[in-house]
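Participant: Provided below for reference: sequence and predicted model.
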Amino acid sequence: MFDLLVIGGLGVDVRTRVPALPLPAADSLTVPPIDFRIGNTGAGVALAAHALGLRVALVDVLGTDPAGDVVRAALARTSVHAVLADAPAGTRRSVNLVDSGGRRMSLYDPRPWAGPPPFAPAELAALLADAAHVHVSIMDWARDALPTLRAGLGDGVVLSTDLHDWDGDNPYHRPFADAADLVFVSDVRLGDRAGKVAAALAPRTVLVTGGEAGAALHTPDIPSVRVPAAAPPGPVVDTNGAGDAFAAGLIAARRRGASPLDAARYAARVAAAACTHDGMEYPAGLLPRD
């Protein structure tokens, strides 16, 4: 049995440290060494959950290319159970520009999926049967698999998703929200509409995240509650993956019996600790387990 099954969201981050964001106008800039590492949202949730002691499985498509080799090597350093199908278009990748304060800007290359579904319904059903919680990344092939995923959930199994910077209207995200029991979404594009959008997603539990401003917890049975951001236990070096670590922390706490509010407070601590590490391969002891 797996505590968490992550659907989709593998890729490579090309991480570049820059002097400031936005970048100054220049023909070229000399930067520290540019690193290639495992990244993207599904990897962020899976690796943070693994670091928190959860038994994790991950299913996705991955290119047979050098970028895919980076991902495979990183997963091999963990006990994450990876079920992978070949992606003819290659491995997804992002260029992450990170400034001296850890803030980042991401340039995302999704490598869209084309062709028949990469996984048969029976294969997905077998994975779902062994999962206590399912987290679906907003990948194109996963969107088409949502009916199969929802129908295959066992009794009491929660399905979550992260809508990232959804504006509340883009129809691409709507099927993920409709299929989920637990929704994470950034307030970046929602602004003053965040509360209204979250309320419209009831009876789902919704976490509206705002980085340093903390998060808002919306549940069907209590009014919206503000969850302050936690103080990082060290210098902030990289905020990339903080939202994924927040999701993993909340899932881990809920699996261990915490209330939604206590789980969100714990998730804020996990996200803060993640910001003190460069990358998503967290060393033992970095993310708080208590």
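Facilitator: Great, that's in hand.

Participant: quick one: the strands in the stretch 151-290 of the chain?
Facilitator: Taking DSSP state E, counting those that start in this stretch as the criterion, the stretch 151-290 of the chain carries its strands at 158-162, 182-186, 205-209, 215-218, 225-227.

Participant: Would you mind saying which of those lies nearest Val95?
Facilitator: strand 182-186 (19.5 Å; C-beta to C-beta). To be clear about C-beta, it is placed using only N, CA and C from the backbone, and glycine gets the same treatment.

Participant: How far away from the center of its chain is the closest one?
Facilitator: Centroid displacement of strand 182-186 relative to its chain, using C-alpha atoms, centre = their mean, to the nearest Å, is 10 Å.

Participant: do you know how far Ala180 is from Gly90?
Facilitator: As judged by C-beta to C-beta, to the nearest Å, Ala180 and Gly90 stand 28 Å apart.

Participant: Neighbour count: the two, which is higher?
Facilitator: Ala180 (25 against 18; other C-beta atoms under 10 Å).

Participant: tally of neighbours for the residue nearest to that one when sequence neighbours are not counted?
Facilitator: What sits nearest to Ala180 in space, not counting adjacent residues and going by C-beta to C-beta, 6 or more residues apart in numbering, is Thr161, at 4.5 Å. Using other C-beta under 10 Å, Thr161 has 27 neighbouring residues.

Participant: Now do the same contact list for Thr161.
Facilitator: Contacts here follow C-beta atoms under 8 Å, 6 or more residues apart in numbering; on that basis Thr161 touches 135-138, 176-177, 179-180, 182-184.

Participant: Reformat those into a markdown table and put pLDDT and distance to Thr148 next to each item.
Facilitator: Below are the contacts of Thr161 laid out as a markdown table (pLDDT from 0 to 100; distance: C-beta to C-beta, whole Å):
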| residue | pLDDT | distance to Thr148 |
| --- | --- | --- |
| His135 | 98 | 16 |
| Val136 | 98 | 11 |
| Ser137 | 98 | 15 |
| Ile138 | 98 | 16 |
| Phe176 | 98 | 14 |
| Ala177 | 97 | 17 |
| Ala179 | 97 | 10 |
| Ala180 | 98 | 15 |
| Leu182 | 98 | 19 |
| Val183 | 98 | 20 |
| Phe184 | 98 | 22 |
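
Participant: Closest one of those residues to Gly102?
Facilitator: Each of these was checked against Gly102 using C-beta to C-beta; the closest is Phe184, at 20.4 Å.

Participant: hmm, back to that, helices - which of the contacts of Thr161 land there?
Facilitator: Taking DSSP state H as the definition of helices, the contacts of Thr161 contribute 176-177, 179.

Participant: ok so, going back, so what pLDDT did the residue nearest to Ala180 get?
Facilitator: Thr161 carries a pLDDT value of 98.

Participant: which sections of the stretch 1-150 of the chain are below the confidence cut-off?
Facilitator: Regions of the stretch 1-150 of the chain meeting the criterion pLDDT under 70 are absent.

Participant: For it, which segments count as strands?
Facilitator: In the stretch 1-150 of the chain, the strands defined using DSSP E, counting those that start in this stretch lie at 4-7, 11-17, 35-39, 56-62, 81-86, 93-98, 104-109, 133-136.

Participant: Could you work out which of these reaches nearest to Ala229?
Facilitator: Counting by C-beta to C-beta, Ala229 lies closest to strand 104-109 out of the strands of the stretch 1-150 of the chain; the figure is 16.5 Å.

Participant: Kindly check the end-to-end length of stretch 222-233 for me.
Facilitator: Taking C-alpha to C-alpha, to the nearest Å, the first and last residues of stretch 222-233 lie 31 Å apart.

Participant: Check which residues of that stretch are buried.
Facilitator: By 16 or more other C-beta atoms under 10 Å, the buried positions in stretch 222-233 come out as 227, 229-230, 232.

Participant: Just the ones in helices from the residues you listed, please.
Facilitator: The members of these all map outside helices under DSSP H.

Participant: just curious, which of those is nearest to Val71?
Facilitator: Pro232 (27.0 Å).

Participant: Hmm, His277 and the closest one touching each other?
Facilitator: No: contact criterion C-beta atoms under 8 Å: Pro232 and His277 do not qualify, at 10.2 Å.

Participant: rewinding a little: and the buried residues of stretch 222-233, which is closest to Pro19?
Facilitator: Closest approach to Pro19 among these (C-beta to C-beta): Pro232, at 21.8 Å.

Participant: how about the nearest residue to the closest one once chain neighbours are set aside, what does it touch?
Facilitator: Distances taken as C-beta to C-beta, 6+ apart put Ala272 closest to Pro232, at 4.4 Å, once the chain neighbours are dropped. Ala272 makes contact with 229-233, 242, according to C-beta under 8 Å, 6+ apart.
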